[in-house]
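J.: Using only what follows, build the 3D model:
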Amino acid sequence: MSDLAHYDVIRRPVITEKSTAASEHNKLVFIVSRDATKPQIKAAVETLFKVKVKSVNTLNRKGKTKRFRGIAGRQGDSKRAIVTLEEGHMVDVTTGL
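T.: Next up is the predicted model:
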């Protein structure tokens, strides 16, 4: 895959308290493309961040119905990837690429 295809697979990192706590255990959390597979996610992370990936776990998150000023709206569905890195490898996703 080309580098541009890798950027299409990984959309953005998830920066929350839970994902920050997971980063202490060599885990990164990303929003990924809905049709991305685990091998594609692994290849994208290894290429873009120059690290060795141990495993990839994915989950599909259903969108929620929210109300704003009395008007109902719906958040979109998303796919998240929890990437575990090998020992000795680490990435600071808050600095960007």
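
J.: Every contact and neighbour count from this point should use C-alpha atoms.
T.: Will do.

J.: Isn't residue 79 up against residue 60?
T.: Yes. Using C-alpha atoms under 8 Å, residue 79 is in contact with residue 60, at 4.4 Å.

J.: Excluding chain neighbours, what is closest to the spatially most central residue of the chain?
T.: By C-alpha atoms, centre = their mean, the chain has its centre lying nearest to residue 30, at 1.0 Å. Leaving aside its sequence neighbours, residue 30 sits nearest to residue 13 (C-alpha to C-alpha, 6 or more residues apart in numbering; 4.2 Å).

J.: Next up, the contacts around the one you found.
T.: 28, 29, 30, 31, 93 (C-alpha atoms under 8 Å, 6 or more residues apart in numbering).

J.: Wait, the first one touches residue 84, no?
T.: Think residue 28. Yes. Taking contacts as C-alpha under 8 Å, residue 28 lies within contact range of residue 84: 6.5 Å.

J.: If you count surrounding residues, which of residue 79 and residue 60 has more?
T.: Using other C-alpha atoms under 10 Å as the criterion, residue 79 and residue 60 rank with residue 79 on top: 17 against 13.

J.: Now that one: which helix or strand?
T.: Using DSSP states H and E, the element containing residue 79 is strand 78-85.

J.: Each with direction, which strands does that strand pair with?
T.: Next to strand 78-85 in the sheet, as set by DSSP bridges, lie strand 27-32 (antiparallel), strand 53-61 (antiparallel).

J.: Now do the contacts for residue 31.
T.: Contacts of residue 31 (C-alpha under 8 Å, 6+ apart): 10, 11, 12, 13, 14, 78, 79, 80, 81.

J.: That should have said residue 56, apologies.
T.: Counted by C-alpha under 8 Å, 6+ apart, residue 56 has contacts 38, 41, 42, 81, 82, 83, 84.

J.: pLDDT value on residue 60, please?
T.: Residue 60 is assigned 96 on the pLDDT scale.

J.: my bad, should have said residue 44
T.: For residue 44, the model assigns a pLDDT of 94.
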